[in-house]
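In: from the sequence below, what's the structure:
(one chain, ligands or ions: 1)
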Amino acid sequence: MTKLKFSIEATDGTARTGSIRTEHGIIATPAFVPVGTAASVKSLTPDEIENTGHRVFFVNTYHMIFRPGLETVKHAGGLHKFMNWPHVLMTDSGGFQAFSLSENGPRVKENRATERSLVKITDQGIAFKSAWDGSPVFLGPGESMAAQGILGADLVMAFDECTFYPISEKRAGLAMDRTHAWAKVCLESRNLLKSRQSLYGIIQGSVYKRLRINSAKFMASLPFDGLAIGSVANSREPRDKVFAVLDWTMPLLSETAKPIHFLGIGEIEDIILSVEKGIDSLDCITPTRLGRMGWLFTKEAGLKNKFRYDITHRQYARDLQPPDPLCKCYACLNFNRSYLHHLFKSRELLALRLATMHNLYFFADLMGKIRQSIRERHFSTLKKEWLNY
Ligand SMILES: [Zn+2]
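Out: Presented below is the predicted three-dimensional model:
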């Protein structure tokens with residue numbers, strides 16, 4: 001495995017387009033990265049994912065640790081072989097899920113107060129209980145790097161302490177300090193493991209300017225291959241604060257000539273605003289999870305509806321238009337809203353597949369248009385066309 005090579009081919013204002021080259025292929029940037037939590041973009045085969053236009057997706061390390069277990073993935077020769085996915089893969093550190101699933105996971109809803117105390121964070125890492133069977137687990141920077149090494153994704157994330165909003169500046173500062181200490185351990189672990197995976201350092205600091213600037217400077221000074229912005233899009237932070245974080249940090253990060261990933265961004269408006277500020281890639285469960293719930297994306301639905309509509313609504317029962325009249329995906333070229341409405345109402349598995357295909361195609365198509373607009377220096381026109389501002 002060879003480390004990533006990032007090149008910026010064109011800029012328009014602070015927006016930029018280029019490519020991230022890896023051993024498993026090239027990601028054109030800015031890129032949207034779908035999420036395949038449990039080593040599967042739910043309901044699609046690798047060929048079908050490819051046909052939606054994506055060449056990369058995210059797998060969650062936390063899930064792999066429990067199911068199928070790291071030894072099983074190792075036995076299969078790593079995630080690429082296990083899933084038969086020939087293109088680029090990203091994994092996260094497992095930290096975010098250790099917090100969020102242990103506190104809100106499927107097993108614990110009735111007993112959250114007790115469960116919360118079972119997540120113990122120290123300077124060494126996070127001790128928690130499995131969301132599936134309650135077994136105790138410890139995850140620290142070294143453990144996370146070892147796990148991600150076995151999974152073998154091209155792009156991996158340093159172990160960080162995520163924060164949830166709201167949080168005091170003092171507590172956010174503590175999380176940031178830990179994240180910084182762990183960043184160094186992750187880099188050392190990578191050297192010890194002789195890993196050639198590309199490692200992203202994660203900027204923390206919640207919504208506090210002083211902390212975010214401190215964290216951006218610190219991470220930019222370390223020999224990471226990429227940088228990521230964490231803990232600002234995952235717990236209902238006010239949107240103005242989300243983008244203030246980019247305003248504070250992007251000037252410092254852009255200077256590094258490294259790709260910059262924004263963790264957990266998936267609304268169309270937020271994607272466009274993030275790209276405008278220089279973000280190179282972002283990931284979110286939005287198109288896949290909402291698709292499985294019957295939400296289909298179309299530009300026609302407009303900004304105030306977040307560019308999506310609910311196909312299960314009865315107004316679509318006899319609508320013979322394609323799901324999105326402007327879309328060229330398999331679902332839109334072959335089926336109409338009436339049929340998709342029926343599939344969802346009848347709980348047919350094909351409903352989930354077609355909705356996922358369409359939504360992923362829609363996101364890939366939008367990112368293609370964004371890249372073209374940056375190359376042609378028309379990004380502000382594209383932004384106005386979609387967002388009207
Ligand atoms: Zn479509």
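
In: and A331, what's its pLDDT?
Out: In this model, A331 is scored at 98, pLDDT.

In: list the contacts of it.
Out: By CB atoms under 8 Å, 6 or more residues apart in numbering, the contact set of A331 is P322, P323, L340, L354, A355, M357, H358, Y361. C-betas here are computed from N, CA, C, even on glycine.

In: of these, which is the nearest to F128?
Out: Nearest to F128 out of the contacts of A331 is A355 (CB to CB; 33.1 Å).

In: ok, now which ones touch that closest one?
Out: Contacts of A355 (CB under 8 Å, 6+ apart): G291, R292, G294, W295, L296, I311, P323, A331, L340, F344.

In: before we move on, back to that, so which of the contacts of A331 sit within helices?
Out: L340, L354, A355, M357, H358, Y361 (DSSP state H).

In: what about the second one, how many neighbours?
Out: Other residues within reach of L354, judged by other CB atoms under 10 Å, total 26.

In: related to what we said a few turns ago, from the contacts of A355, which is closest to R236?
Out: Out of those, the member with the shortest distance to R236 (by CB to CB) is W295, at 18.8 Å.

In: chain neighbours aside, what residue packs nearest to the closest one?
Out: R308 (4.6 Å; CB to CB, 6 or more residues apart in numbering).

In: burial of that neighbour, as a residue count?
Out: R308 has 22 nearby residues by other CB under 10 Å.

In: beta partners for it?
Out: Beta bridges link R308 to F297, judged by DSSP bridges.

In: that one reaches M293, doesn't it?
Out: No. Shown here, R308 and M293 do not form a contact pair, counting by CB atoms under 8 Å, at 10.2 Å.

In: got the residues of the stretch 1-150 of the chain near the ion?
Out: Where proximity means CB under 5 Å from the ion, the stretch 1-150 of the chain presents no interface facing the ion.

In: for stretch 154-173, buried residues please.
Out: For stretch 154-173, a neighbour-count test (16 or more other CB atoms under 10 Å) marks 154-163, 165, 167, 172-173 as buried.

In: model confidence for the residue lying farthest from the centre of the chain, exactly?
Out: Farthest-out residue of the chain from its mean C-alpha position, per CA atoms, centre = their mean: R318, at 35.6 Å. Looking at R318, its pLDDT is 98.

In: now do the contacts for it.
Out: Counting by CB under 8 Å, 6+ apart, R318 touches S338.

In: what kind of secondary structure is it in?
Out: coil (DSSP: H, G, I helix; E, B strand; the rest coil).

In: and it, how far from R347?
Out: Separation of R318 from R347 (CB to CB, to the nearest Å) stands at 20 Å.

In: domain ranges for this protein?
Out: Split into domains by automatic domain parsing, the chain comes to 5-283, 291-366.

In: ok so, going back, among the buried residues of stretch 154-173, which lie within helices?
Out: Judged by DSSP H, helices contain the following of the buried residues of stretch 154-173: A172, G173.

In: and the buried residues of stretch 154-173, which is closest to L187?
Out: When those are compared against L187 (criterion: CB to CB), the nearest one is A158, at 7.8 Å.

In: where does this protein have low pLDDT?
Out: Within the chain, the stretches with pLDDT under 70 are 1-2, 101-118, 234-235.

In: list the contacts of M357.
Out: Here M357 is in contact with L44, E48, N51, T52, C329, Y330, A331 (CB under 8 Å, 6+ apart).

In: out of the residues you listed, which is nearest to the ion?
Out: The nearest member of the contacts of M357 to the ion, counting by CB to the ion, is C329 at 3.2 Å.

In: skipping its backbone neighbours, what lies nearest the closest one in space?
Out: Y361 (3.5 Å).

In: give the contact list for the one you found.
Out: N51, T52, G53, C327, K328, C329, Y330, A331, C332.

In: do that again at 10 Å, thanks
Out: 51-54, 287, 297, 324, 327-332 (CB atoms under 10 Å, 6 or more residues apart in numbering).

In: and E9, by the same measure?
Out: Per CB under 10 Å, 6+ apart, neighbours of E9: R16, T17, G18, S19, A28, T29, R371, I374, R375.

In: surely the second one forms part of a strand?
Out: Which is T17. Yes. The assignment for T17 is a strand, going by three-state DSSP.

In: I'd like the distance between the closest residue to the ion within the stretch 101-250 of the chain and D280.
Out: Per CB to the ion, A233 is where the stretch 101-250 of the chain lies closest to the ion, at 25.7 Å. To D280, A233 is 16 Å away according to CB to CB.

In: more crowded one of the two?
Out: D280 (26 against 22).

In: the more buried one contacts K258, correct?
Out: Yes. Using CB atoms under 10 Å, D280 is in contact with K258, at 8.9 Å.

In: tell me the one of the ones in helices among the contacts of A331 nearest S130?
Out: For the ones in helices among the contacts of A331, the nearest to S130 is A355 (30.6 Å; CB to CB).
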